[in-house]
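Undergrad: Below is the sequence, then the predicted model.
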Amino acid sequence: MDKKVEKKNKVKIIIIALLVASIASAGAYFVYNKNKSKSANAENGAAVSGYILSDGAEPGLSEEEINTFIKISDKLINNIKEDL
């Protein structure tokens, strides 16, 4: 009877050890991938202002629209500087 109990206990311990090891491995993998994706976005500059920027402007803008936004932003900056 004692041998059966010992054998069951050993099996339970092995199963628990394998379960803990697999959960720890999955957690480490999740944390590694999360950090990896954050650093990749920061390095590429892909997450700037909520847009994916190619040449420094929102995709789909014409040259005229870009120039208009530049002029408007220059005026706003000048107004802010004057107020300071």
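TA: All right, it came through fine. Numbers count the residues shown, from 1 in each chain.

Undergrad: give me the element Ile70 is part of.
TA: helix 63-83 (DSSP states H and E).

Undergrad: Repeat that for Ile16.
TA: Assigned by DSSP H and E, Ile16 falls in helix 2-44.

Undergrad: quick one: low-confidence parts of the chain?
TA: Scanning the chain for pLDDT under 70 picks out the ranges 1, 35-60.

Undergrad: Go again with 50.
TA: Scanning the chain with the threshold set as pLDDT under 50 gives 46-47.

Undergrad: residues contacting Leu61?
TA: Phe69 (C-beta atoms under 8 Å, 6 or more residues apart in numbering). In short, each C-beta sits where N, CA and C put it, glycine included.

Undergrad: Now do the same for it: helix, strand or coil?
TA: Counting by DSSP: H, G, I helix; E, B strand; the rest coil, the backbone at Leu61 sits in coil.

Undergrad: Please report how far it lies from Leu76.
TA: Leu61 is 18 Å from Leu76, where distance means C-beta to C-beta, to the nearest Å.

Undergrad: likewise Asp2?
TA: Asp2 is 84 Å from Leu76, by C-beta to C-beta.

Undergrad: The two: which has the busier surroundings?
TA: Legend: neighbour count by other C-beta atoms under 10 Å for Asp2 and Leu76, higher for Leu76 (10 against 6).
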